[in-house]
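*Asks:* A structural model of the following input is requested.
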Amino acid sequence: MSLPFTQPAPACKVAGSHHPNAVSSQAKGKRKALATTEPPTKKRSSHGGHALGMPNYNDDDVAALLDACMNCLPLGTKGWLAVEEEFAAWADSHDCPTHPAKFLELKFKQLVHTMKPTGDAECPPHIEQAHEIDFCMNEEAGTWDLNDDEFDNEVINIGSDEDEPQ
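*Replies:* Numbering: from 1, shown residues only. Predicted coordinates for the structure are as follows:
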């Protein structure tokens, strides 16, 4: 006994424009943009740099920073706060922006670590002044480089023989 062979029903198309329940093309798409009177805000770059609206240091700012550093010779946080106060007084009298103590310290250290330009016999004057101020700060702190030849081979004994038990 054989069963009658029946053809399976064709598959129904689900997606595409031929779908019986498809949404008309007029209903598709994005909405119209709402009219705004505000200008679009600029996104901040994720690459660091100074904050938006914060101007860079110009030559007068650098000179005032170096003068304040020379007057205060900052060695710690209190010293940099004194530099900030002196720089803020100068900035207020010259209509320039003030900067926090941490930013002033970073700018000074940036100037100190700036190397002489390649191929140029002279170092810029503000870089030389920063190096001189850094030297004065190290003198005041009592630090110095130990690149002296007399210290290279010398052995320094910390304890004395008299203190040892016999």
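*Asks:* remind me which residues of this structure are low pLDDT?
*Replies:* 1-3, 12-31, 33-55, 143-157, 159-166 (pLDDT under 70).
*Asks:* pull out the buried residues from the host helix or strand of residue 78.
*Replies:* Using DSSP states H and E, the element containing residue 78 is helix 77-93. Neighbour counts over helix 77-93 (16 or more other CB atoms under 10 Å) mark 79-80, 82-84, 86-88, 90-91 as buried. Backbone N, C-alpha and C define where each C-beta goes, glycine included.
*Asks:* JSON lines for those residues, including distance to residue 118?
*Replies:* Below are these laid out as JSON lines (distance: CB to CB, whole Å):
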{"residue": "79", "distance to residue 118": "33"}
{"residue": "80", "distance to residue 118": "31"}
{"residue": "82", "distance to residue 118": "36"}
{"residue": "83", "distance to residue 118": "31"}
{"residue": "84", "distance to residue 118": "34"}
{"residue": "86", "distance to residue 118": "34"}
{"residue": "87", "distance to residue 118": "31"}
{"residue": "88", "distance to residue 118": "36"}
{"residue": "90", "distance to residue 118": "33"}
{"residue": "91", "distance to residue 118": "33"}
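*Asks:* wait, which of those residues is closest to residue 132?
*Replies:* Compare each of the buried residues of helix 77-93 with residue 132 using CB to CB and the shortest gap goes to residue 83, at 16.0 Å.
*Asks:* my guess is that closest one contacts residue 69. True?
*Replies:* Yes - using CB atoms under 8 Å, residue 83 is in contact with residue 69, at 5.8 Å.
*Asks:* what about residue 69, how many residues nearby?
*Replies:* 28 (other CB atoms under 10 Å).
*Asks:* now do the same contact list for it.
*Replies:* Contact analysis of residue 69 by CB atoms under 8 Å, 6 or more residues apart in numbering lists 83, 108, 130, 133, 137.
*Asks:* hang on, residue 97 packs against residue 91?
*Replies:* Yes - using CB under 8 Å, residue 97 is in contact with residue 91, at 6.4 Å.
*Asks:* which residue ranges of this structure form helices?
*Replies:* 59-72, 77-93, 101-112, 125-141, 149-152 (DSSP state H).
*Asks:* could you redo those as JSON lines and give each row distance to residue 9?
*Replies:* Listed next are these as JSON lines, based on distance: least, CB to CB, whole Å:
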{"stretch": "helix 59-72", "distance to residue 9": "82"}
{"stretch": "helix 77-93", "distance to residue 9": "83"}
{"stretch": "helix 101-112", "distance to residue 9": "76"}
{"stretch": "helix 125-141", "distance to residue 9": "86"}
{"stretch": "helix 149-152", "distance to residue 9": "97"}
